[in-house]
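>>> missing the sequence, but the structure's below:
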């Protein structure tokens, strides 16, 4: 019950702050003759201010008893608050007796300073001590990683280099030295193992049964979800890391290399290692990092008039995807158009069009191209030379063309190539090893899949 | 008073009345927008920070060219979706979710803990447990479990992501189907394909962006609303095509009508529509004009695309097509052709998967096996064929039903059904996805030892929808359409992208 009244403290404190500040302002003003008519009101302001300050002190005391706050900070705040209440009460009693303007002004200033300090301390208790200054410090680092990059992840300590920074940036503000919501502290090994008001936070070896993980995995709208809805959330990678740590015994001393590394955790560790923030989604390799200037509207219009479906690959970029599906003729003017957008073209689909080796020559400067589809076109080995410098190419489709292994061997510079589709071409199985040598990272799909005919393909099951 | 005066008097009176009508609550709110706005501002700034910090995704909707291709807000991995829906709800326990424990309980009474407080469509009293009615084996490098009902598909598991713990809250076919495809168990919401074509338009201006193909037999219980456009402009509804006869009814010009005459008549109709548009300013009229023009172009393009006869014989053999008939295999082959032609969203519905055990066609040992035989080759061929053409990278294939089936044998009205069958089950079922930037050879989610409920990796229809939109380049929370005074989204207020399955 008492704690209930204590919870009114954050509401009540605003009364003495407002009333007493107003009183102080009026006192200073009333020193001037033109504002002398404020004087009768000041006494009552001081009284009301003093009374509300006393109420605030009482509720504050009740709140501090029931809360989980930093003892030192609470004690300072408490004595400052009491002094505000006392000073204002004394001030009210003697206000009418003081005649010297200097003293009046001085007391008003002292009271203002006291109120400001007390208020700031209260704010620090509620929102964390760096609440006020955080926007100044973080302005350049918004959304910074909760876990800083670890250059040599295998040699690093799991707790010290990853889990602790994660707790520091995501949990300490409510579960640290200054505040212990639910009696839980996550800033020291002993406290982490001790748990909080609802028992142990961790069950060593059992991530799913650990209260800590359970709460993080609750739906965002659940009252018990951690971190609270309005605070920055843990990312999938961070959660994976935390679960992995607990699952493997929640050890505070071990290095990464000492814990078993499953298939699931490997990519997470790779992200930690590569300096990308663990809380960033997997880096977007779909668009080049450097933005290009947009293609001229008139050029786009010409593309569209020629029947090309051409749009930016996403709303926030100038890189383009072009699909020639509705193009009727691949004349010279179309080739010139391609050249005029050579920096911007990212995806190009020329499937089923009359595309010859001359056409390919037109795309030799499309340096940013990542996907190229030349299925069922007339291109030959000789024309493929035009692609030899398109080193951003990730996916190349040559299905249904006359290409042979000789043509592919010219493409050794395409080290980013991931997929090569050569179904129904002149390349046979024997050539694959050679291609693999030239382009080691590529997945070659020769297609020509067959589905055997089984007895059950042609029969039906009948009722007995 | 003269008649003119009377008329003038009446006019003035009418004007006053009209004016008075304007001074309504609505008018008050409008006129005092500034003052009320300022009042509201305080609470908005505090309470709805998002409103200001993250603007809604902008979709440029041009009613005269509703299907122009549009960029997604983010770079999408997938450009098209093929959604294979097995209406009636296939049994996960006979296909993908192998439960040896359930085999041990076969024939025993269902423990009361599984029945207390639960509702089933048909089960009453205490049913018997029913062990798996198929033989399972591990397949591929990923070791995914698939039953002998799908021998061909089991060779493709290393290209597939299984969601084994999908949940729903609807145990009747129609609402459950609506939930899967429109995000609401009730009628009236736009289907996923409508949202996608609204957001992305179509790459091919001669074909609709959203095509629906049904396998003949019966329609899905939810009816055509399951591919309806809801409150989105009607041009985004699914266009149902047929794999038998003319792809679209009356697509051929009738005898005596040549192409020029057809063109002239469509131009005349469009002119009349334009006049009407000038008068009423209803953007739906512009959509109608665009539809007439599209229909005219489709008369040439559709028969060509929809004709699977010009595909080579070995492709027909691969898919197991039955030329000239309306069947799932033909539709699957068509779906691949449509993806090649730049169609965004292809929705297939198969039927007859409702294995209750009330008849031999609806039984796990006869009907279900035959249904599996009818889809096994086509779905396997689809994945292989998309793969060898380099299309699987950018095409998301989704397979699933509207709910799962119970580990108990159905006892309709308390009496054992004549054949082995299972009732509708909402707590756990399996959906799989392939291509379009989802993981290969991966399984997400797990059910308990008898497959009754999900124990980890639980997802629901909204999560699946959020994931599909994510693969296409949309943040499902930002992708909205204003209707009835608030922004609506496919996933309404729920859904979370299943990050675990995104490659």
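Looks like it arrived, so ask away. Not measured: the values here are computed from a predicted model.

>>> To what extent is the residue of the stretch 51-200 of chain B found nearest chain A buried, counted in neighbours?
Per Cβ to the nearest Cβ, residue B:75 is where the stretch 51-200 of chain B lies closest to chain A, at 4.1 Å. Every C-beta, even on glycine, is put in place using the N, C-alpha and C of the backbone. Per other Cβ atoms under 10 Å in any protein chain shown, the neighbour tally for residue B:75 reads 21.

>>> show me where pLDDT drops low in the chain?
Unless you meant another one, I'm taking chain A. A:67, A:136-145, A:274-285 (pLDDT under 70).

>>> I was thinking of chain B, sorry if that wasn't clear
B:1-2, B:6, B:9, B:15-58, B:243.

>>> still on that earlier bit, can you confirm the residue of the stretch 51-200 of chain B closest to chain A is in a helix?
No. Assessed with DSSP: H, G, I helix; E, B strand; the rest coil, residue B:75 is coil; it does not lie in a helix.

>>> hang on, isn't it packed against residue A:315?
No. With contacts counted by Cβ atoms under 8 Å, residue B:75 stays clear of residue A:315, the gap being 9.6 Å.

>>> is it true that residue B:247 touches residue B:213?
No. Look at residue B:247 against residue B:213 with Cβ under 8 Å: they stay out of range, at 9.5 Å.

>>> more neighbours, those two?
Applying other Cβ under 10 Å to residue B:247 and residue B:213 shows that residue B:213 carries more neighbours, namely 26 against 21.

>>> Is that one part of a helix or strand, or is it coil?
Once three-state DSSP is applied, residue B:213 turns out strand.

>>> Was I right to think it contacts residue B:337?
No. Using Cβ under 8 Å, residue B:213 is not in contact with residue B:337, being 11.1 Å away.

>>> related to what we said a few turns ago, would you check how far apart the residue of the stretch 51-200 of chain B closest to chain A and residue A:254 are?
The gap separating residue B:75 from residue A:254 is 39 Å, by Cβ to Cβ, to the nearest Å.

>>> Look up the closest residue to residue B:288, ignoring the ones flanking it.
residue B:273 (5.8 Å; Cβ to Cβ, 6 or more residues apart in numbering or on different chains).

>>> If you could redo that for residue B:144, that was the one I meant.
residue B:157 (3.9 Å).

>>> Go ahead and list the helix or strand containing the residue of the stretch 151-300 of chain A found nearest chain B.
Nearest residue of the stretch 151-300 of chain A to chain B (Cβ to the nearest Cβ) works out as residue A:286 at 4.1 Å. Assigned by DSSP states H and E, residue A:286 belongs to no helix or strand.

>>> List the contacts of it.
A:313, A:370, B:75, B:77 (Cβ atoms under 8 Å, 6 or more residues apart in numbering or on different chains).

>>> Apply 6 Å and report the result again.
residue B:75 (Cβ atoms under 6 Å, 6 or more residues apart in numbering or on different chains).

>>> With residue A:183 instead?
Applying Cβ under 6 Å, 6+ apart, we find residue A:183 in contact with A:68, A:196, A:197.

>>> Can you name the residues of the stretch 51-200 of chain B sitting close to chain A?
Residues of the stretch 51-200 of chain B found near chain A, taking Cβ under 6 Å from any Cβ of the partner chain as the criterion, are B:69, B:71, B:72, B:73, B:74, B:75, B:151, B:152.

>>> show me what contacts residue 305?
All of this refers to chain A. If you count contacts by Cβ under 6 Å, 6+ apart, residue A:305 has none.

>>> should've been chain B
Going by Cβ under 6 Å, 6+ apart, residue B:305 touches B:337, B:341.

>>> Name the next helix or strand downstream of whichever strand or helix holds residue B:175, please.
Using DSSP H and E, residue B:175 sits in helix B:173-182. As assigned by DSSP H and E, the chain's next helix or strand after helix B:173-182 is helix B:192-200.

>>> That following helix to helix B:173-182, inter-axis angle?
If you take axes from the mean of the first three to the mean of the last three Cα atoms, to 10 degrees, helix B:192-200 sits at 20 degrees to helix B:173-182.

>>> How much space separates the residue in the stretch 301-450 of chain B that chain A sits nearest to from residue A:399?
Closest contact between the stretch 301-450 of chain B and chain A, by Cβ to the nearest Cβ, is at residue B:388 (2.7 Å). To residue A:399, residue B:388 is 7 Å away according to Cβ to Cβ.

>>> which neighbours do the two share?
Common neighbours of residue B:388 and residue A:399, using Cβ under 6 Å, 6+ apart, are residue A:423.

>>> you'd agree residue A:321 is up against residue A:347?
Yes. The pair residue A:321 / residue A:347 is scored as a contact, 4.1 Å apart, by Cβ atoms under 6 Å.

>>> tell me the contacts of the residue of the stretch 351-464 of chain A found nearest chain B?
Going by Cβ to the nearest Cβ, chain B is nearest to residue A:447 of the stretch 351-464 of chain A, at 2.7 Å. If you count contacts by Cβ under 6 Å, 6+ apart, residue A:447 has them with A:423, B:388.

>>> element containing it, please.
Counting by DSSP H and E, residue A:447 is part of no helix or strand.
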